[in-house]
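Asks: I would like the atomic coordinates for the input below:
(one chain, ligands or ions: 1)
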Amino acid sequence: MAYLIISDIHANADALLTVLEDARKCGNIEKILCLGDITGYAAEPGACIAIARESDWVCIKGNHDMAVSGEMDARQFNDDAAGAAAWQRRHISLSDRQWLKHLPRTLEVGDFTLAHGSPRDPVWEYVTEPRQAAGSFAHFRTRFCLVGHTHCPVYFVARGRGAEGRLFKPGQPLKLEGRMLINPGSVGQPRDGDPRASYAIYDSEAKSVRIHRISYDIEVTQNRMVELGLPMRLVTRLGHGV
Ligand code: ZN
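Replies: Numbers count the residues shown, from 1 in each chain. This next block holds a predicted model:
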């Protein structure tokens, strides 16, 4: 049995469809866990939400989802992100805005807690350093916590009162141990210098997580964004994975 773990799709339907197709090759996906930010940045929020709703994802909200649904003022974002959120808000249905609004901020699924930023602050905290991870472990009850938000595939292991952080090596299974914080990277806007879509597969029998990277047609996504007048900085960063 396997769980597909995805985060930070950011309205990039080309990347999402490529990930879903690639993940099917990994065998029987029992659940799809999404760690938020289905929307924001790119051109196809409605298509991405439709896929999530149709396939019954286990899904929490991210900060961009809150801005696009109208639950949060997008002026807290930088200009490009705020512009994209406002554009998306106008281009999705009322029903989709309501659906985003009603997503939970955190969820527990078996051994996992799901939180977009961190279990301590699911909306805004970025867990990039062991120090932040160490401060998070008291804020969830399960053994493992799945987070997104930084767009970098990385994991942290609790060690005493501290934590050790490691970058994932794509393709290599990570055996889960002790208590961990795990980030599967971003489907739609990776920021670790590798522009390929990132996702994770959890193997419930082996108790391991494996990161996968897959190329998609970035130019198609970029052209669509240009045609719709989305900010150029958001278009070019997709090609660089930053
Ligand atoms: Zn994000």
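Asks: okay, CA-based contacts and neighbour counts for the rest of this
Replies: OK.
Asks: any weak-confidence spans in the chain?
Replies: Applying pLDDT under 70 to the chain picks out no residues at all.
Asks: can you give me the helices in it?
Replies: Assigned by DSSP state H, the chain shows helices spanning 13-24, 45-54, 63-69, 79-91, 94-101, 130-136, 218-227, 232-240.
Asks: output the contacting helices and strands for the third one.
Replies: Contact analysis of helix 63-69 by 3 or more Cα pairs under 8 Å, 6 or more residues apart in numbering; DSSP states H and E lists helix 79-91, helix 94-101 as its packing neighbours.
Asks: neighbouring contacts of the last one?
Replies: Read it as helix 94-101. Residues from elsewhere that reach helix 94-101 (Cα atoms under 8 Å, 6 or more residues apart in numbering): Gly46, Ile49, Lys61, Asp65, Met66, Val68, Ser69, Gly70, Glu71, Arg89.
Asks: so how far is Ile214 from the residue of the chain most remote from its centre?
Replies: Distance from the C-alpha centroid of the chain, by Cα atoms, centre = their mean, peaks at Gly160 (28.2 Å). Using Cα to Cα, to the nearest Å, Gly160 is found at 36 Å from Ile214.
Asks: then Trp57?
Replies: 21 Å.
Asks: Tyr126 now?
Replies: Here Tyr126 is placed at a distance of 24 Å from Ile214 (Cα to Cα).
Asks: just Tyr202 next, same as before
Replies: Applying Cα to Cα to Tyr202 and Ile214 gives a distance of 17 Å.
Asks: neighbour count: these two, which is higher?
Replies: Tyr202 (22 against 15; other Cα atoms under 10 Å).
Asks: Thr113: which of the helices of the chain is closest?
Replies: Closest to Thr113 of those, according to Cα to Cα: helix 130-136, at 11.6 Å.
Asks: chain center to that closest one, what's the gap?
Replies: Relative to its parent chain, helix 130-136 has a centroid offset of 19 Å by Cα atoms, centre = their mean, to the nearest Å.
Asks: do stretch 193-206 as well
Replies: Centre to centre, stretch against its chain (Cα atoms, centre = their mean), the figure for stretch 193-206 is 11 Å.
Asks: could you dump that stretch to PDB, C-alpha only?
Replies: Presented in PDB, the C-alpha positions along stretch 193-206 are these (Å, rounded to 0.1, in the frame of the first residue of the first chain):
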ATOM      1  CA  GLY A 193      17.500  24.600  -8.100                       C
ATOM      2  CA  ASP A 194      15.900  21.500  -9.800                       C
ATOM      3  CA  PRO A 195      12.900  22.600 -11.900                       C
ATOM      4  CA  ARG A 196      11.400  19.100 -12.100                       C
ATOM      5  CA  ALA A 197       8.200  18.500 -10.200                       C
ATOM      6  CA  SER A 198       8.800  16.900  -6.800                       C
ATOM      7  CA  TYR A 199       6.600  14.400  -4.900                       C
ATOM      8  CA  ALA A 200       6.900  11.600  -2.300                       C
ATOM      9  CA  ILE A 201       5.600   8.100  -2.000                       C
ATOM     10  CA  TYR A 202       5.100   6.500   1.400                       C
ATOM     11  CA  ASP A 203       5.300   2.700   1.400                       C
ATOM     12  CA  SER A 204       3.300   1.500   4.400                       C
ATOM     13  CA  GLU A 205       4.800  -2.000   4.400                       C
ATOM     14  CA  ALA A 206       8.400  -0.900   4.200                       C
END
